[in-house]
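[1] How does the following fold in three dimensions:
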Amino acid sequence: MSGGQGLNWINVPEALRLDLPAWQKYFGFDIHGAAADIDLQFDADALTLTMTGPAAGKLPQVKTGVHFARALRGDSAGATRAAGPLRALPAASAAMDVDPRKH
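    Numbers count the residues shown, from 1 in each chain. A predicted model of the protein is given here:
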């Protein structure tokens, strides 16, 4: 089943589906969040992740919270960052090494 942009599922007696603007408005969650169209390809053998989408500079930057001081690959996130698990998105399509044994 596919959903809309920024779709969030909440399992209550019945499933509640909200896009990001509704999630922000009705629950006050992810107030500074943003959605972006990003194509991800994961190579399980090479443990690489290839992303194609907007350049990092086109995504809103948010303050790095205490719990998000390190990004997915262990690198320091800095004072501000794009929301999500990566410190920054690549400017062009590029394969990233995501092998946890190396980071």
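[2] Look up how far Ala35 lies from the spatially most central residue of the chain.
    Closest to where the C-alpha atoms of the chain average out (Cα atoms, centre = their mean) is Gly84, at 3.1 Å. Noted for Gly84: a distance of 11 Å to Ala35, by Cβ to Cβ, to the nearest Å. For every residue, glycine as well, the C-beta is placed using N, CA and C.
[3] Poorly predicted segments of this protein, please.
    Applying pLDDT under 70 to the chain flags residues 1-15, 54-58, 88-91, 103.
[4] Helices of this protein, start to end?
    Here the chain has its helices, by DSSP state H, at 20-27.
[5] how does it divide into domains?
    Domain assignment for the chain by automatic domain parsing gives 1-31, 36-102.
[6] my read: His32 touches Gln61, true?
    No - under the criterion of Cβ atoms under 8 Å, His32 is not in contact with Gln61, lying 9.4 Å apart.
[7] Of those two, which one has the most company?
    Gln61 (16 against 10; other Cβ atoms under 10 Å).
[8] Contact partners for that one?
    Thr80, Arg81, Ala82 (Cβ atoms under 8 Å, 6 or more residues apart in numbering).
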